[in-house]
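> sharing a model prediction with you, sequence too.
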Amino acid sequence: MEQYLELISRAVVEGDQDSTVVNVQAALDANVDAINILQKGLIPAMSEVGKLFEGGEYFVPEMLIAARAMKSGLELIKPLLVSADIKPRGKIALGTVKGDLHDIGKNLVGIMLEGAGFAIYDLGTDISPQQFIDVIKKQEVDLIGLSALLTTTMPMMETTIQAISEAGLRSRVKIMIGGAPITKDYADKIGADGFAPDASQATKLAIDLIGQ
Ligand code: B1M
């Protein structure tokens, strides 16, 4: 198993989309568990990309092609993470806040929540407070999930929560937040209902907040 995971990680770090797909498929064919491919192959690769960026070895284009490779690997394992035929246990709208374009973590959270039986409205990235307000009104979602990866966009989470309150909708939805720089203290400070450090904890939290 280790050799497949190593090849997958290397392919993502190098931004080699074809090789990522080939190696993820090879791992699946060899019965490596999709969760292991995710947690020990794909996710560590993005951490490595972050380190290379911090160290000045990678720049934005390298991060982008690594992200593209990661996404193609994720697409292959998604059907295995999401089990079919589950009755929706609640409606969740997810989005990366205004000013922030990172979506890999949010997408993963969406996949895991879908797998746990929630109906997901993925709004995408760079989502304004008004767009979150609109989805609460139109889709009557039970929970809003805000993602942010930049310290500079974290305050937009608070702005979004305030806007939802000012629109008179705060009591209608639970709000969960997450992303690499986010902490539980920050969630408490800005009045979110909860924080999750990763996609599997996000699923547990959503079940605690709204699931039956
Ligand atoms: Co950017 N970037 N990036 N980047 N990028 C980071 C975040 C950074 C930490 C890199 C670094 O310096 N080490 C740094 C932020 C520093 C800071 O704010 N202190 C950074 C920077 C600086 C930037 C730019 C400003 C660079 C520039 O232009 N000079 C720029 C900003 C653009 C913008 O958003 N406006 C930028 C751009 C990009 C790309 C577009 C090139 C690309 C994103 C592509 C994409 O997402 N489609 C990118 C990438 C890939 C990264 C890194 C390398 C990887 C992020 C990632 O996908 N991680 C990242 C470094 C790092 O994180 N180590 C970095 C994998 C993913 C599975 O983890 O997203 O943390 P994560 O999600 C986890 C948890 O956080 C949690 O669960 C997920 C799964 O377990 N989670 C939630 C996430 N959302 C949640 C929501 C929840 C609950 C849990 O509830 C709703």
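Cool, got the structure.
> mind listing the strands for the protein?
Applying DSSP state E to the chain gives strands spanning 91-97, 119-127, 143-147, 174-178, 194-195.
> tell me if the third one is near the ligand.
This points to strand 143-147. Yes: Strand 143-147 is in contact with the ligand by C-beta under 6 Å from any ligand atom, via 145-147. Just so you know, the C-beta spots here come from the backbone N, C-alpha and C atoms, and that holds for glycine as well.
> for the residue nearest to Gln131 when sequence neighbours are not counted, give its distance to Gly211.
Excluding the flanking residues, the one nearest Gln131 by C-beta to C-beta, 6 or more residues apart in numbering is Leu123, at 5.9 Å. Using C-beta to C-beta, to the nearest Å, one obtains 21 Å as the distance from Leu123 to Gly211.
> show me which residues of the chain are close to the ligand?
Residues of the chain lying close to the ligand by C-beta under 6 Å from any ligand atom are 43, 46-47, 49-50, 53-54, 60, 63-64, 67, 94, 99-106, 108-109, 145-147, 149-151, 176-181, 196, 198-199, 202.
> of the residues you listed, select the buried ones using a PyMOL command.
This is the PyMOL syntax for the buried subset of these, where burial follows 16 or more other C-beta atoms under 10 Å:
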select buried, resi 43+46+49+63+67+94+100+102+103+104+105+106+108+109+145+146+147+149+150+176+177+178+179+196+199+202
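> run the chain-centre distance for the least confident helix or strand in the chain by mean pLDDT.
Ranked by mean pLDDT, DSSP states H and E, the weakest helix or strand in the chain is helix 104-115, scoring a mean of 87. Centre-to-centre, helix 104-115 and its host chain are 5 Å apart (C-alpha atoms, centre = their mean, to the nearest Å).
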